[in-house]
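> next comes the sequence, and after it the predicted model I'd like to discuss.
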Amino acid sequence: MPDSPKVIFFDVNETLLDLAPVKQSVARALGGREELVKVWFTTLLQYSLVATVGDRYADFGEIGAATLQMVARQNDTTLSEEEVKEVLKPIRSLPPHPEVAVALDRLRSAGYRLFTLTNSGTEALEDQMSNSGLKPYFEQLLSVESVGKFKPHREVYSWACDYVDESPENCMLVAAHGWDIAGAGWAGLQTAFIARPGQVLYPLAKSPNHNIGDLDLLADRLT
């Protein structure tokens, strides 16, 4: 087991914040078909990677809106730009998972430096952290917008470590997504997988340092 990290980076959507309100909004817009919510989110991730590989960065929210229109068209539904904006509005005011605030407070009080590291753009991230009440727990809010590439590109994690002036082995990424854990592990960071419902690890990636159910358990281990 490696030494405790000095810096902890947190993914935001689904790791810290509960996506249920936006999932419900998207399902309603797609005719109540809840199974299409996962299709939309997978398509969003796919085209964020298309943008990264193609060196054509666009805001995560813009890609989310465009891919929601794609999924709607694939299922014989038409959504205007204004309708899509309204559907996705809840993403800026998502509630934190119940244990998050207390766990972050414990980690910060124990001396860890806490940062976000999210695919959300800087403006959306500011709204998310302010509206959720989580902003005060973080030293700074970091977004991939500063890099112009999306996670899990290696450059994102390397940039974050350089930004906080720590080596990758002294940093940890906490995330509820197997692809994010994979990318951070390959970049040399310590990792903690938060097994939110429906989330699984990528079998071909390095095993995380911690594989746990929520942030309380991570705080127990690190403090």
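Arrived safely.
> make it CA atoms for all contacts and neighbour counts henceforth
Noted.
> show me this protein divided up by domain.
Following automatic domain parsing, one finds the domains of the chain at 7-18+94-222, 20-91.
> separation between the residue of the chain positioned farthest from its centre and Ala29?
If you look at how far each residue of the chain sits from its centre, by CA atoms, centre = their mean, the farthest one is Asp76, at 29.7 Å. Counting by CA to CA, to the nearest Å, the gap from Asp76 to Ala29 is 12 Å.
> quick one, helices of the protein?
For the chain, the helices defined by DSSP state H occupy 20-29, 35-53, 60-74, 81-88, 100-109, 122-132, 154-163, 178-186, 215-222.
> so which of these is the most packed in?
Ranked by mean neighbour count under mean count of other CA atoms under 10 Å, the helices of the chain are led by helix 178-186, which reaches a mean of 23.
> okay, stretch 201-218 in CSV with CA atoms only?
What follows is stretch 201-218 as a C-alpha-only set of coordinates in CSV (Å, rounded to 0.1, in the frame of the first residue of the first chain):
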residue,chain,number,x,y,z
LEU,A,201,-14.1,-0.9,-12.9
TYR,A,202,-12.4,-1.5,-16.3
PRO,A,203,-10.9,-5.0,-16.0
LEU,A,204,-7.8,-4.1,-18.2
ALA,A,205,-6.8,-1.2,-16.0
LYS,A,206,-4.6,-1.2,-12.9
SER,A,207,-6.6,-2.0,-9.7
PRO,A,208,-7.4,1.0,-7.6
ASN,A,209,-5.7,1.6,-4.3
HIS,A,210,-9.1,1.7,-2.7
ASN,A,211,-12.4,0.2,-4.0
ILE,A,212,-15.1,1.3,-1.6
GLY,A,213,-18.8,2.2,-1.4
ASP,A,214,-18.7,5.9,-0.4
LEU,A,215,-16.5,8.8,0.7
ASP,A,216,-17.1,8.1,4.4
LEU,A,217,-15.2,4.8,4.0
LEU,A,218,-12.4,6.6,2.2
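> so which residues make contact with it?
1, 99-100, 102-104, 177-179, 181-182, 185-186, 190-196 (CA atoms under 8 Å, 6 or more residues apart in numbering).
> picking that back up, need the domains of the chain in a markdown table with mean pLDDT, can you?
Listed next are the domains of the chain as a markdown table, based on pLDDT from 0 to 100:
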| stretch | mean pLDDT |
| --- | --- |
| domain 7-18+94-222 | 98 |
| domain 20-91 | 97 |
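> for Glu139, what are its contacts?
113-115 are the contacts of Glu139 under CA under 8 Å, 6+ apart.
> take those residues and write them to TSV, including neighbour count and distance to Gln140.
Formatted as TSV, the contacts of Glu139 follow (neighbours: other CA atoms under 10 Å; distance: CA to CA, whole Å):
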residue	neighbour count	distance to Gln140
Arg113	19	9
Leu114	21	8
Phe115	22	5
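> ok, of the residues you listed, which one's closest to Pro5?
Arg113 (9.1 Å; CA to CA).
> partner residues bridging that closest one?
According to DSSP bridges, the residues that bridge with Arg113 are Val7.
> any idea how far it lies from Ala124?
According to CA to CA, Arg113 and Ala124 sit 22 Å apart.
> repeat for Ala20
Taken as CA to CA, the span from Ala20 to Ala124 is 17 Å.
> swap in Phe193?
To Ala124, Phe193 is 24 Å away according to CA to CA.
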